Structures are given as structure tokens and as C-alpha cells.
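*Asks:* one predicted model, sequence on top.
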2 protein chains.
Amino acid sequence: MAQSSPMIGGNGEYSYKNNSTLQRDGFTAAENVIKEAVVKNLDTEALVSSSTTFTIADLGCSVGPNTFVAMQTIIETVEQSLPEHSRSLEFQVLFNDQTANDFNTLFASLPQPRSYFAAAVPGSFYGRLFPSSSIHVAFSSSSLHWLSRVPPELQAKDSPAWNPGKIHYTGGAASDAVVKAYADQFEVDMEVFLKARGEEIVGGGLIIMIMPGVPDGVITHDVGIAITFLGCILMDMVAEGVLSQEKVDAFNVPHVYPSMKQMKRAVEKNGCFEIVKMEIRNARSNLEAPIDIDGAVMHLRALAQGTLVNHFGNVIVDQLFERAVHHKTKFSHMLFSAGIQIGAQLFAVLKRK
Amino acid sequence: MAQSSPMIGGNGEYSYKNNSTLQRDGFTAAENVIKEAVVKNLDTEALVSSSTTFTIADLGCSVGPNTFVAMQTIIETVEQSLPEHSRSLEFQVLFNDQTANDFNTLFASLPQPRSYFAAAVPGSFYGRLFPSSSIHVAFSSSSLHWLSRVPPELQAKDSPAWNPGKIHYTGGAASDAVVKAYADQFEVDMEVFLKARGEEIVGGGLIIMIMPGVPDGVITHDVGIAITFLGCILMDMVAEGVLSQEKVDAFNVPHVYPSMKQMKRAVEKNGCFEIVKMEIRNARSNLEAPIDIDGAVMHLRALAQGTLVNHFGNVIVDQLFERAVHHKTKFSHMLFSAGIQIGAQLFAVLKRK
């Protein structure tokens, strides 16, 4: 079963480190609203009186450098919003990602000097990671759209959610049962995620999340179109006899791009958090700006290679991305003809009650 | 300048992971006194009333598996010494080693399931690593004999502590100035170490340390003899023209095996800690037990390769250890003729005032 996989480590041509400018753009676009969220919603005066350490967790940090920029932004904002003459806080940043993430690369590129104590916490954020009431701000950028697993309904040939010839719920051709299976898995995962964070985050602490998201009633997102594009190439490889149909039929990418309605329902069901901000941000016309298709394909490789390699092996993935580069105008065409805005992000700030 | 270097990562033939049984033996020998130190000196009742999280740091953890055994032992001992009917504690283990340590291997071999939250903290323990008053027990096994650097007095040709043809202060042939330069560096390093730990450890918290140590008045330790043995082989390589004399003259291993007198002086100078236990343990006659020389050479390679490779490069180090295996009877002879007991450890328990 394809599971969510860490990004490509190290410093190589296809590494996440060298192919994560899209994620950084996502953060830069949200930088001001993040600052605003911290200033408006964090009662730093109360926090300073009860603790000398301010702890920030980055959930799904990958290997840097984006996480360092985000953490520094949050720290500076907290520092600036401290009451005058308050005793100084010490900051601690907990960099979290899956156990197989390349933490060695993360550590090698930690800013020097830095104004915080750094630690890495390995493990899935769909479960407990930190001691109770130990986190002041949990931040997550471009990570929460990874489900904990492919929805199990998609694994059985006789299931109504069997998804032959496709690798995701977006792209228009998936059945309602497939769409529902993904939505159900998202609901289960968010329940686990919010329960764990509810235990870990101090009263008054925040979750700040940025992830690909869609307006209510919309299903397709441009990240999903990129995945659909890869699915088409995989089917070309089936047609040419390079890959078996069964292999592709059994593969699905564990991504969900939720609507605000879905996210709100999850938060309300959990009950520990107040939604202090939620919006779909940054959506722009697919005609508005030139899209860097080469960059997008490289980005896709850094993003999806772990998941793809787990299922198909290295040789197939190399061929897949050679073809992706060759057929990039098709990707471009799919993006432009989808009739959706691109780059939409769900941005939310949740406050622990 | 040779600096202290992390152990060899990964799972290979020469890796620390597969060549650290001597360190484990060191821990096993000390296991009961560690348990006793925790039971006797930790006021768990006071700790439970002031915190729900009990945090243990392993300073110089390397890549496992020894650290997992040690951490589990401490956790179980704390749990058993909790007052009856006390609310349950959560445990957090902070695995510390230098930034270049192979934390990916450490994370891949973390026990599953485990009874603690795990995090890695990269950086030298000769400096601050953790927030103030955040650590209950700091543990360090087979690490504190690594200095932060080679004593600077050994770097200049015109210095009285220039140490030509030798690579350490032990082995009998080093000048008094060399011995003093090492002792001075140890004093400086322990001052920095204890100052940092004094800030990080909660009142009533402990430092538990195990390291190669010597009886008062003795200089040579069997780990030093192993280093002297490597020094002899390096000089053979100089004689054969494989290495330049200058290269060997400028190399020294940054290890000190302190006496109780040295360690006591450092602790008293710092002033933050009470010495609740200090002893030289585990020393045994060099005639008593057969020594596994092959194992010792492999162990030496895992231990010293980082330091050696930094100075001499990979090719020389491969040759060096081929020769070490070939001349292992010489090593054996040096060990037996040194007239010292072997395996001596300085064991100390310090309590934060």
C-alpha cells in the first residue's frame, strides 16, 4: 500500500532542499497573515508569566530551508509582541517529520548562530509526538494534505471505491465512492491529529496550518492535476507494456485538498480548538501568471518520488519523470484547461481552548 | 586541527553500531550503581508534584543501540521509585550528539513501541543545548573523555608542548608540558560543560557520568595505550615514506582520562553541583581475563576513524587499520606490559543544588 513518504533528502538535483521553492512561495504569501495570527491571538503576557521557554513545533518540516524561515518569522513575531520589560523568553523549536526524513541534512543546514534551541522529533503527526501541554505554537505548512495512508477502500478490486487507471480522486474521472473514501480518510486522520495536538498544546496556544485547499463545492486542485498528469503517463506506460495495468490500478496518491467546510467539521467534532481564522488564500487565475512548468515537474518529483518509488521502484520512476519532462506541454494544457484557479491554500489558525 | 568527531554511522562493518560492545559492557558493569544513584538521590515525590514530564538527556548518545538500553534502565528505575498512587509521569528522552552524528540511523533503530517521547538535539555538549531548568537527569557514557578540541599548545612547533612522533599524552613518552596542556584543556572544557548543565538541570536533578578514568597519580589508561599503538603504526608509516613526519607531528587525539581529583576540582570550581557519588570502577588486572584484541582493534576503528580521517584522509586510515590488524600482537603486548589495570571507569553522580 502506498503510504505518505518523506521528501527526497540530501542536496542532489532532485532533492526537496533544491526543489521546494513552490512551498516557500506558499509560506511567503502567507507570511503576513501568520504574523497577524500570532500578534492577534497569542496572549504573550500570560505565557511569559507561566513559562520561561516558548516552544514551537514544525509538523512536516522536511529538510529545510523553508522551515528555518518560518520558525524565525514566528519567533521574531512573538518577541516583538512581548510586553515591555518582560523577562526574556528562551525559544525552543521542535522539527518534526516522519522517521525516515533526512534529519542529518536538516541538522547540517541549521542556521548558525540561531536564537533558539533546536531538536528533531521523528514520527507521524497522526499520533502523539510531544509531552502533554508542552507546545505553544504548532505550525504546519504544505504537509497536512498527506493522509496517513491510502484509504483502505481503494485497495480491494471488488470495492465500489476501486480506482482503476487513475491514481487520485481529483481530475474529474474518479467515482463518487473514491471521492468519499478520500474524504472519510481525511476525517479520520484529522480526528487523530487534532486529538493529539489538543493534548500537546497549552491552553491559549495555537495551531497555524497552510495546505493546498479548495473552495467549498470544488474538488480539483492544481496539485491534483499534477498527480492526474502523472497518472496519465503511468497509463501510457501500461499501453506500451512497460508497466502492468494491475500495478497502476493498485496505486493511489494519499493526498486530500480539503475545503473549509471539511476542515471546520473536523475542528468542531474535536472540540478542543476555537477557529480564530480560516480562509482560502492565494488562489489566482490560471491565465494570470506564467507557470514555471519545468520547475513544477521537478517539484513534483521531489514531492512524489518517495511514494512512487515505494510502489513502482526506482527504474520506473526515472522513466516516469523522463516522460513527464518530455510531455510537459500536456501538463501545461491540463492546468490551463481545468477551469480552476491555481495555488489555492487553506489557511487556518486554531486556538487551544 | 583534529577535533573530536562523531562515531561512524550506518550499519557497516566498521560502524559504531556494530562495534560498540565495549561501551555496552561499560554500561552493563555500571547498571546497578546507576539504578542505585537514581533511587537514592532523586526526590521523585517533589518532581512529580512540580512537573508532569520527566526529561532525560543522553549526552554523546551516538547512534544506538547502547543509548536505548541506558535510557530504558533510567526510566524504569524512576518509575519504580515513584510514590504510590502518584499521577503518572510522561517521559521524554533527548538524544544528544554532535551535529554530524548519524541521527538518521539512531531514529531508524528507535525501540518500537517505547514508553517515552523521543527527540534528538544536535550540538556539542561543551555549550548550551537545552532550555533552562528543563532536564531532570543528564546521562553521559563513554563520551566525556572527548575534549572539545586538541589543546592549542600542541599546535605550535616552538611550543614546549609540541608532541612530535606521538599522538597523545599517555604512553609514557610525552613531556610534562604535553600532559599539562591536556589537563588544562580538560579543566576548561569541564568548566563550560558544568556551567551549561548547571543552567539546564532542575534543582535536585542529576548528572550521571561514566568515562574512562584513572586512579589519582596514574596517567596511563588502556584506551590511551590503544591510541599510543596507533601512534606507533603512524610512525612506521613515516619511516616507510608513506606519511610525512610533519603530518604525524601535528596530529594528537583529543582524549583525557581524568582522575577523581581532577573531576572533583572541576565540580567544586563550578559550585552548582553536589558530588553524591564518585569512584573509579571496574578496573581489573591485565592478567585476569583474555582480551579480545580483534574486537579492540575494530572498536578502535569505530572510535577513532572520524578524528583520523579528518587529519589523514580515508586512504591512510584504511592502510593504518590494515597494519593495526596485522600488528595486533604488538598491541596485545603493549597492553600486558603497561603494568596498569585495564577497563577503569570514572563513575560520578552529581546533584544540582
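*Replies:* Everything's here; your move.
*Asks:* list the contacts for A:Val267?
*Replies:* A:190, A:194, A:273, A:275, A:348, A:350 (C-beta atoms under 8 Å, 6 or more residues apart in numbering or on different chains). Placement of C-beta: from N, CA and C, glycine included.
*Asks:* retrieve the pLDDT associated with it.
*Replies:* Among the per-residue scores, A:Val267 shows a pLDDT of 98.
*Asks:* and if you look at the one 10 residues further on?
*Replies:* If you check A:Lys277, the pLDDT there is 96.
*Asks:* so the residue lying closest to it once chain neighbours are set aside: helix, strand or coil?
*Replies:* Leaving aside its chain neighbours, A:Lys277 sits nearest to A:Val349 (4.1 Å; criterion: C-beta to C-beta, 6 or more residues apart in numbering or on different chains). At A:Val349 the chain is in strand, as set by DSSP: H, G, I helix; E, B strand; the rest coil.
*Asks:* chain B contacts on chain A?
*Replies:* A:52-53, A:90, A:92, A:94, A:99-100, A:102-104, A:107-108, A:110, A:117-123, A:128-134 (C-beta under 8 Å from any C-beta of the partner chain).
*Asks:* relative to A:Gly64, how far out is the closest residue to A:Gln72 other than its chain neighbours?
*Replies:* In space, and not counting its chain neighbours, A:Gln72 is closest to A:Pro111: 7.4 Å by C-beta to C-beta, 6+ apart. Distance, A:Pro111 to A:Gly64, by C-beta to C-beta, to the nearest Å: 9 Å.
*Asks:* the two - which one has more neighbours?
*Replies:* Taking other C-beta atoms under 10 Å in any protein chain shown, A:Pro111 and A:Gly64 do not tie; A:Gly64 has more neighbours (22 against 14).
*Asks:* what's the pLDDT at the more buried one?
*Replies:* Model confidence at A:Gly64, given as pLDDT, is 79.
*Asks:* A:Thr55 falls within a strand, correct?
*Replies:* Yes: A:Thr55 sits within a strand when classified using three-state DSSP.
*Asks:* identify the residues contacting it.
*Replies:* Here A:Thr55 is in contact with A:91-94, A:134-137 (C-beta under 8 Å, 6+ apart).
*Asks:* ok, what's across the strand from it?
*Replies:* A:Gln92 (DSSP bridges).
*Asks:* hmm, the residue nearest to A:Gln72 is touching A:Ile75, no?
*Replies:* No: using C-beta atoms under 8 Å, A:Pro111 is not in contact with A:Ile75, being 11.1 Å away.
*Asks:* what's the nearest residue to the residue of the stretch 201-350 of chain A found nearest chain B if we skip its chain neighbours?
*Replies:* Chain B sits closest to A:Val202 of the stretch 201-350 of chain A, with a gap of 11.9 Å, by C-beta to the nearest C-beta. With sequence-adjacent residues excluded and distances taken as C-beta to C-beta, 6+ apart, A:Val202 is closest to A:Ser133, at 4.9 Å.
*Asks:* same question for A:Ser141.
*Replies:* Of all residues not flanking A:Ser141 in the chain, A:Ile210 sits nearest, at 4.6 Å (C-beta to C-beta, 6+ apart).
*Asks:* and the one you found, what are its bridge partners?
*Replies:* A:Ser141, A:Phe347.
*Asks:* from the contact counts, what lies against the longest helix anywhere in chain A?
*Replies:* In terms of residue count, the longest helix belonging to chain A (DSSP state H) is helix A:176-200. Secondary structure elements in contact with helix A:176-200, counted by 3 or more C-beta pairs under 8 Å, 6 or more residues apart in numbering or on different chains; DSSP states H and E, are strand A:135-141, helix A:260-270, strand A:273-281.
*Asks:* need the winner for burial among those.
*Replies:* Greatest average neighbour count among those goes to strand A:135-141 (a mean of 26), per mean count of other C-beta atoms under 10 Å in any protein chain shown.
*Asks:* quick one: average pLDDT of that one?
*Replies:* The pLDDT scores in strand A:135-141 average 96.
*Asks:* that strand vs helix A:176-200, what angle?
*Replies:* Relative orientation of strand A:135-141 versus helix A:176-200 (axes from the mean of the first three to the mean of the last three C-alpha atoms, to 10 degrees): 150 degrees.
*Asks:* render the CA-only coordinates of strand A:135-141 in CSV, please.
*Replies:* Taking Å, rounded to 0.1, in the frame of the first residue of the first chain, the C-alpha atoms of strand A:135-141 are listed here in CSV:
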residue,chain,number,x,y,z
ILE,A,135,3.8,23.3,22.8
HIS,A,136,2.9,26.9,22.4
VAL,A,137,2.6,27.1,18.6
ALA,A,138,2.3,24.1,16.3
PHE,A,139,2.9,25.2,12.7
SER,A,140,2.4,23.1,9.6
SER,A,141,3.0,24.2,6.0
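*Asks:* for that strand, name the packing helices and strands.
*Replies:* Strand A:135-141 packs on helix A:21-41, strand A:53-59, helix A:66-80, helix A:176-200, strand A:201-212, going by 3+ C-beta pairs under 8 Å, 6+ apart.
*Asks:* can you pull the buried residues of the longest one?
*Replies:* Buried residues in helix A:176-200, counted by 16 or more other C-beta atoms under 10 Å in any protein chain shown: A:177-178, A:181-183, A:185-186, A:188-190, A:192-200.
*Asks:* what angle do it and strand A:53-59 make?
*Replies:* Computed by the same axes, to 10 degrees, the angle separating helix A:176-200 from strand A:53-59 equals 170 degrees.
*Asks:* just want the angle from helix A:176-200 to strand A:273-281.
*Replies:* Inter-element angle recorded for helix A:176-200 and strand A:273-281: 130 degrees (by the same axes, to 10 degrees).
*Asks:* pLDDT of helix A:176-200, averaged?
*Replies:* The model assigns helix A:176-200 a mean pLDDT of 97.
*Asks:* now do the contacts for the closest residue to A:Ala344 other than its chain neighbours.
*Replies:* Nearest non-adjacent residue to A:Ala344, counting by C-beta to C-beta, 6+ apart: A:Ala283, 3.8 Å away. By C-beta under 8 Å, 6+ apart, the residues touching A:Ala283 are A:215, A:341-345.
*Asks:* now a ChimeraX select for only the buried ones of those.
*Replies:* Buried subset of the contacts of A:Ala283, written as a ChimeraX selection, criterion 16+ other C-beta under 10 Å:
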select /A:341,342,343,344,345
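*Asks:* export the contacts of A:Ala283 as CSV, with columns for secondary structure and pLDDT.
*Replies:* Shown next, in CSV, are the contacts of A:Ala283 (DSSP: H, G, I helix; E, B strand; the rest coil; pLDDT from 0 to 100):
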residue, secondary structure, pLDDT
A:Pro215, coil, 93
A:Gln341, coil, 79
A:Ile342, strand, 81
A:Gly343, coil, 83
A:Ala344, coil, 89
A:Gln345, strand, 91
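*Asks:* and the gap between the closest residue to A:Gly203 other than its chain neighbours and A:Phe273?
*Replies:* Excluding the flanking residues, the one nearest A:Gly203 by C-beta to C-beta, 6+ apart is A:Arg352, at 5.6 Å. Plainly put, A:Arg352 is 6 Å away from A:Phe273 if you go by C-beta to C-beta.
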